[in-house]
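A.B. asks: Requesting a structural model of the entry that follows:
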Amino acid sequence: MPSTHTSLHYHLVFSTKSREPWLNPEAANRLHHYLGGVLRGLGAHSHAVGGVTDHVHVAVGLKATHRLADVMRELKSESSLWMHSEMKLSGFAWQDGYGALTFGAQDLEEVRSYVLHQPEHHRVRTFQEEYVEMLKRGMVEYDDRYLW
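C.D. replies: Predicted structure coming up:
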């Protein structure tokens, strides 16, 4: 084949350090737009960014040349610097880890809806319940001792 064709879609989840509620609605809205811009700047396709006060969900399409760990490092680093300078939140930080689950293009609208409607989901389920369910659905092995 003379060219490369990929469909690499990820549902990313990452939280504020110690899951502190830094992201009020205004800060969250601005941050979500900024995260989308960082992804576009990296050459990724930002399908949706959403979240609540203590964590963010991102639906993103990556290229074959992207390395997930590099994308996450840039996304968290750039947004943390932006939160310090633009939002004047000098104590803001992201937790070290993240979750990254793949999904098929046929599931894009379902994942987009899920990402964009996080406040509604968290009226009935905690972040911990949500995250463990995502890991189980994604068949990701984990150790409870290192989740939180």
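A.B. asks: Does residue 59 touch residue 35 like I think?
C.D. replies: No. Contact criterion C-beta atoms under 8 Å: residue 59 and residue 35 do not qualify, at 11.3 Å. For the C-beta atoms, the positions are set from N, CA and C on the backbone; glycine is no exception.
A.B. asks: what do these two both touch?
C.D. replies: 46, 49 (C-beta atoms under 8 Å, 6 or more residues apart in numbering).
A.B. asks: in this structure, what secondary structure element scores lowest on mean pLDDT?
C.D. replies: helix 118-121 (a mean of 90; mean pLDDT, DSSP states H and E).
A.B. asks: residue contacts, the residue lying closest to residue 59 once chain neighbours are set aside?
C.D. replies: Excluding its sequence neighbours, the residue lying closest to residue 59 (C-beta to C-beta, 6 or more residues apart in numbering) is residue 47, at 3.9 Å. By C-beta under 8 Å, 6+ apart, the contact list for residue 47 reads 9, 59, 60, 61, 108, 111, 112, 115.
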